[in-house]
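Visitor: I'll drop the sequence and a predicted model, then ask my questions.
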Amino acid sequence: MTKPMGAIPPGFAADAGDMLLIGGRRADALVAEAGDTPLFVYDLGLIDAKVTRFRSAFTGVDLHYAIKANSYIPLLSHVAKQVDGLDIASGGELKLALKAGADPARISFAGPGKRDGELQDAIEAGITLNCESESEVERALTIAGKLGATPRLAVRVNPDFEIKGSGMRMGGGAKPFGLDAARVPALVRRLVAAGADWRGFHIFAGSQALDAGALIEAQRATLDLAASLADHAGAQPPLVNLGGGFGIPYFHGEQPLDVERVAAALEHGLAERAPELAETTFAIELGRWLVGEAGVYLTRIVDRKTSHGKTFLVTDGGMQHQLAASGNFGQVVRRNYPVAIANRFDAPGEEEASIVGCLCTPLDRLADDVLLPPAESGDLVAVFLAGAYGLSASPQAFLAQHPALETAVGGGAA
């Protein structure tokens, strides 16, 4: 039985020869230029459009980019010039952010389990540490004392709420992330008394939310929590990172997030915020929403085969590059990302086929029982929504398969 797939995001079309265009460039020409498949292509112009939309909607709110979504250096360098901050989650990402030319004063470092060497590198570079526990604060203070440096320390808060309906819940109840809200004021007083440069709160309740109402409620609760924590700590936070959580529609039936509705509610909330937050700067941290729809994964069909009446299109890529599209990055029931035959982009679907990768595992599936135009060996498959948590979140070394290539187009890309 044919299974539905998600909608191809806006911004993609075919040329007169029915070849998919990405950033105005033919998919086959991009593959030829790169030299091989599989190939990730990122349209920087589509990212620019998202930044513009955010700026128009969220006036007076800083925009941060969570580089875990996609840390490809040309893309990261491009985004870093347009946002107010970069959020990292490892020492490796710290090196990437600096390589991309980001100002260390605009980088913040979250994540549990930071090693002493990572803390030292961050303190030496002047990066803000979003501390996740009392012991992490003590380690940071000790390291800073040995260096003769003043550490920039924020506190990541584990809120008592979550974003309802979010794809990944980062708050509410027992969590390895951040400090339970009740313990935050004492820790703030401790680090301020120790002479640290207190940078504020990082409050992240969840991700991949498409329900504007749920995000509005989470942001309202975040503002209330930040004000209460500041009151009990006796110190006004310079910055409150409200987290992100903005989702994109991956699957059949999902609708895009009403970003403007979220922005209007936040504007109202900020206008009426408590006096404890009067001088506070607010930021929203986004990854997937900024870059997810801008990426396309191109992989070539190397075999077409039939088994028990079912057609399989076997590609030279797969879950080693696109774990999320395979369904093995958190899906409980596997659903299909949008896919297309790139060189027959506007052709009608005439046959049911499954697209599978080249790995020796039944988990390596890019599309199940979808309706496609007839395809043969040599044709290009395009997997959309590949700009976030694609290559950066996939087991690239699995079975020692050949690596994927990456390139960026549009938006002034070279």
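Guide: All right, it came through fine.
Visitor: CA only for contacts and neighbour counts going forward, please
Guide: Will do.
Visitor: What sits closest to Pro74 if chain neighbours are left out?
Guide: Counting by Cα to Cα, 6 or more residues apart in numbering, the nearest residue to Pro74 once its immediate chain neighbours are dropped is Ala408, at 7.0 Å.
Visitor: next one: Leu385
Guide: Take Leu385 and drop its neighbours on the chain: the residue closest to it by Cα to Cα, 6+ apart is Glu293, 4.6 Å away.
Visitor: what's the answer for Thr150, then?
Guide: Ala196 (5.6 Å).
Visitor: do the same with Asp368
Guide: Excluding its sequence neighbours, the residue lying closest to Asp368 (Cα to Cα, 6+ apart) is Ser354, at 4.5 Å.
Visitor: Make sure that neighbour is indeed in a strand.
Guide: Yes - assessed by DSSP: H, G, I helix; E, B strand; the rest coil, Ser354 belongs to a strand.
Visitor: is it true that Thr222 lies in a helix?
Guide: Yes - assessed with three-state DSSP, Thr222 lies in a helix.
Visitor: got a pLDDT number for it?
Guide: Note for Thr222: predicted pLDDT of 94.
Visitor: can you tell me which residues contact the residue nearest to Thr150?
Guide: When the contact criterion is Cα atoms under 8 Å, 6 or more residues apart in numbering, the partners of Ala196 are Leu141, Thr150, Pro151, Arg152, Leu153.
Visitor: picking up where we left off before, based on its surroundings, how many neighbours for the residue nearest to Leu385?
Guide: Using other Cα atoms under 10 Å, Glu293 has 25 neighbouring residues.
Visitor: what's the answer for the one 4 residues further on, then?
Guide: Counted by other Cα under 10 Å, the residues lying close to Tyr297 total 28.
Visitor: next one: the one 3 residues further on
Guide: For Arg300, the count of nearby residues is 25 (other Cα under 10 Å).
Visitor: Tell me if Asp87 really is in a strand.
Guide: Yes - the assignment for Asp87, made by three-state DSSP, places it in a strand.
Visitor: Please enumerate the strands of the stretch 201-350 of the chain.
Guide: 206-207, 239-241, 281-286, 295-307, 310-315, 339-341 (DSSP state E, counting those that start in this stretch).
Visitor: Mind telling me which of the ones you listed the model trusts least?
Guide: With a mean of 76, strand 206-207 has the lowest mean pLDDT of the strands of the stretch 201-350 of the chain.
Visitor: who does that strand pair up with?
Guide: Strand 206-207 pairs in its sheet with strand 168-169 (antiparallel), by DSSP bridges.
Visitor: Distance from the chain centre to the helix or strand just after the strand it pairs with, please.
Guide: Following strand 168-169 in sequence order, the next helix or strand is strand 179-180 (DSSP states H and E). Relative to its chain's centre, strand 179-180 lies at 24 Å (Cα atoms, centre = their mean, to the nearest Å).
Visitor: Contacts for strand 179-180 next, please.
Guide: The contact list for strand 179-180, computed with Cα under 8 Å, 6+ apart, reads Glu132, Ser133, Glu134, Val155, Arg156, Val157, Asn158, Pro159, Asp160.
Visitor: how about the fifth one, secondary structure?
Guide: Meaning Arg156. Put simply, Arg156 is strand when judged by three-state DSSP.
Visitor: so it sits right up against Arg199, yeah?
Guide: No - using Cα atoms under 8 Å, Arg156 is not in contact with Arg199, being 10.7 Å away.
Visitor: on that earlier part again, report the two of the contacts of strand 179-180 separated the most.
Guide: Using Cα to Cα, the two most remote members of these are Glu134 and Asp160, lying 18.3 Å apart.
Visitor: neighbour-wise, which of the two wins?
Guide: A direct count of neighbours by other Cα under 10 Å for Glu134 and Asp160 places Glu134 higher, at 19 against 16.
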